[in-house]
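Asker: Predicted coordinates and the sequence they were generated for:
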Amino acid sequence: MDLIRFKQSDLPMKDLEILGLAAEGQLKLKHNDLQALLSGRRTSLLQLQNLRAENIKIKAMDAKISLTTGENGVTDLLIHPVYRKPATPDFLDDHEAALLEKGEVANLQKLVKDGKGNKQELLVEYDPETHEFVVSDSEKILAPDMVNGEFLTPAQKEKYRKGKEVEVADHTKFSYSAVDGKGIRSDKVALIASVLIDGGLSYVAYKGLNALFNKKRDPAEAEKLSPGYHQVVADMEAENPVPDNSHIRFDARRRVFR
């Protein structure tokens, strides 16, 4: 689940303008790419212009971009180009790397030691568009507290953080993916996730979701959303009509949106 991590005012506009992704203070990004950026995820493949690196100038190149917070607290832009050959992390053996590259598995969990000797569980995926291994710290993956109005158990949250499929009582299945454009996949085209923050629930409505990894879905069945999903939508619209994909603060004690 991805809540908004960056404000639009934090975007490095000068860098975006240099790359041809903004002009005169106006972004040239699609809505989904902007949402991905602000949520701390990667955009889809974009054509970047005027790249410079070590005295090399590249007129145009396809790449994904993301944001990070630098040591000085300033928001920095990261560029993820299309590599000719993936750089395999040291903690993956050739067989594991091949499984990911060939798309035989969605991800792998690896237990490693960080720079201080502490154990760290990593979730490793492969991005076939950029030919890159994408590594996430499992502990930092935010699992939703509720999906379609149903609370997740601690075991379900743990499965989500490990990149495994989770199924809730209404039979909606979903899984986390740092490679996917929306950060989550499902057997349904839409779902509503929420996380408890400061005594309130912050809702995120996901629409146009991709299917679960290497699994086909029946279009008609994928469009059939549960009563729980529709009830949450109805409650949201009744209390405070908002555009799609917005994030809503909810006062859990008063049961009203604000």
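Answerer: Cool, the structure landed.

Asker: For Lys216, what are phi and psi?
Answerer: For Lys216, the backbone dihedrals (degrees, to the nearest 10) come out as phi -80, psi 150.

Asker: Check what pLDDT it gets.
Answerer: At Lys216, the model reports a pLDDT of 94.

Asker: Repeat that for the one 5 residues further on.
Answerer: Reading off the confidence values, Glu221 has pLDDT 96.

Asker: where's it, which helix or strand?
Answerer: Counting by DSSP states H and E, the element that carries Glu221 is helix 219-223.

Asker: what's Glu96 in contact with, if anything?
Answerer: Glu96 makes contact with 108, 124, according to C-beta atoms under 8 Å, 6 or more residues apart in numbering. From N, CA and C alone the C-beta is placed, and that goes for glycine too.

Asker: Same question for whichever strand or helix holds it: list its buried residues.
Answerer: Assessed by DSSP H and E, Glu96 sits inside helix 94-101. By 16 or more other C-beta atoms under 10 Å, the buried positions in helix 94-101 come out as 96-97, 99-100.

Asker: Quick check: longest strand in the chain by residues?
Answerer: strand 56-69 (DSSP state E).

Asker: and that strand, which strands flank it?
Answerer: If you go by DSSP bridges, strand 56-69 pairs up with strand 46-53 (antiparallel), strand 75-81 (antiparallel).

Asker: which residues in this structure form helices?
Answerer: 13-18, 31-38, 94-101, 154-161, 219-223, 227-239 (DSSP state H).

Asker: And the ones you listed: which comes nearest Asp114?
Answerer: helix 154-161 (17.2 Å; C-beta to C-beta).

Asker: How about the contacts made by the residue lying closest to Ala193 once chain neighbours are set aside?
Answerer: Leaving aside its chain neighbours, Ala193 sits nearest to Pro144 (3.8 Å; criterion: C-beta to C-beta, 6 or more residues apart in numbering). Pro144 makes contact with 1, 152, 157, 160, 193-195 under the criterion C-beta under 8 Å, 6+ apart.

Asker: Check what pLDDT the most centrally placed residue in the chain gets.
Answerer: In the chain, the centroid-proximal residue (C-alpha atoms, centre = their mean) is Gly183; its distance is 2.6 Å. For Gly183, the model assigns a pLDDT of 93.

Asker: May I have the phi/psi pair for the residue lying closest to Asn32 once chain neighbours are set aside?
Answerer: Nearest-residue entry for Asn32: Gly181, 6.4 Å, with adjacent residues in sequence omitted and distances by C-beta to C-beta, 6+ apart. Backbone geometry at Gly181, expressed as degrees, to the nearest 10, gives phi -60, psi -30.

Asker: Based on its surroundings, how many neighbours for Gly181?
Answerer: Applying other C-beta atoms under 10 Å, we find 19 residues neighbouring Gly181.

Asker: what about it, distance to Ser66?
Answerer: Computed as C-beta to C-beta, to the nearest Å, the Gly181 to Ser66 distance reads 12 Å.

Asker: end to end, how far does stretch 187-200 reach?
Answerer: Terminal residues of stretch 187-200 lie 28 Å apart, using C-alpha to C-alpha, to the nearest Å.

Asker: Could you do stretch 179-187 as well?
Answerer: End-to-end distance of stretch 179-187: 17 Å, with C-alpha to C-alpha as the criterion.
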